[in-house]
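Novice: what's the 3D shape of this:
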Amino acid sequence: MGQENAGKACPDGSGDGPDQALAADLVLGVLTGAEQQAAEQRVANDSEFARRVAEFRQRLEILPEPIEPVPAPEGLWNRIAARIEPEG
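Specialist: Numbering: from 1, shown residues only. Predicted structure coming up:
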């Protein structure tokens, strides 16, 4: 996500777009490296941004704990590809 959401308004009409998307990305854990550090710094120094982050955290509290990924069975992707792109 990160910067590709910059400038997009939120579907529900709330927020101002880039800040709302950045707050969501931070809470969802999809930012990395410099983006994550910059967002965390903003939380510490920008009370409005910190409020947005807190709102997202509150919204997501209802979600269950993260589920550990399970590897796909061996050969699954080959079987899927065979169905999508028949040999011939």
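Novice: now the helices for the chain?
Specialist: 18-28, 33-45, 47-60, 76-84 (DSSP state H).
Novice: deepest of those, which one?
Specialist: Looking across the helices of the chain with neighbours counted as mean count of other Cβ atoms under 10 Å, the highest average goes to helix 18-28: a mean of 20. Using the backbone N, CA and C atoms, a C-beta is placed for each residue, glycine as well.
Novice: return the distance of residue 43 relative to residue 32.
Specialist: Separation of residue 43 from residue 32 (Cβ to Cβ, to the nearest Å): 16 Å.
Novice: nope, residue 50 is what I was after
Specialist: Taking Cβ to Cβ, one finds residue 50 at 21 Å from residue 32.
Novice: and what of residue 20?
Specialist: 20 Å.
Novice: again with residue 44
Specialist: Counting by Cβ to Cβ - residue 44 and residue 32 are separated by 19 Å.
Novice: could you do residue 72 as well?
Specialist: Counting by Cβ to Cβ, the separation of residue 72 from residue 32 is 24 Å.
Novice: mind showing which ranges of the protein have poor pLDDT?
Specialist: Residues of the chain that meet the criterion pLDDT under 70 lie in 1-16, 86-88.
Novice: and if we set it to 50?
Specialist: 1-13 (pLDDT under 50).
Novice: just to check, residue 27 is in contact with residue 58?
Specialist: No. Residue 27 is beyond contact range of residue 58, at 9.6 Å (criterion: Cβ atoms under 8 Å).
Novice: on that earlier part again, any chance of the helices of the chain in TSV, with distance to residue 67 too?
Specialist: As requested, the helices of the chain are exported to TSV (distance: least, Cβ to Cβ, whole Å):
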stretch	distance to residue 67
helix 18-28	14
helix 33-45	22
helix 47-60	14
helix 76-84	18
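Novice: out of those, nearest to residue 68?
Specialist: Nearest of these to residue 68, taken as Cβ to Cβ: helix 18-28 at 17.1 Å.
Novice: using CSV, list the CA coordinates for the closest one.
Specialist: This file holds the C-alpha atoms of helix 18-28, laid out as CSV (Å, rounded to 0.1, in the frame of the first residue of the first chain):
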residue,chain,number,x,y,z
PRO,A,18,-3.3,10.7,2.1
ASP,A,19,-3.2,11.0,5.9
GLN,A,20,-6.1,8.6,6.2
ALA,A,21,-4.5,6.0,4.0
LEU,A,22,-1.1,6.4,5.7
ALA,A,23,-2.7,5.9,9.1
ALA,A,24,-4.5,2.8,7.9
ASP,A,25,-1.3,1.4,6.4
LEU,A,26,0.6,2.0,9.6
VAL,A,27,-2.0,0.2,11.7
LEU,A,28,-2.3,-2.7,9.2
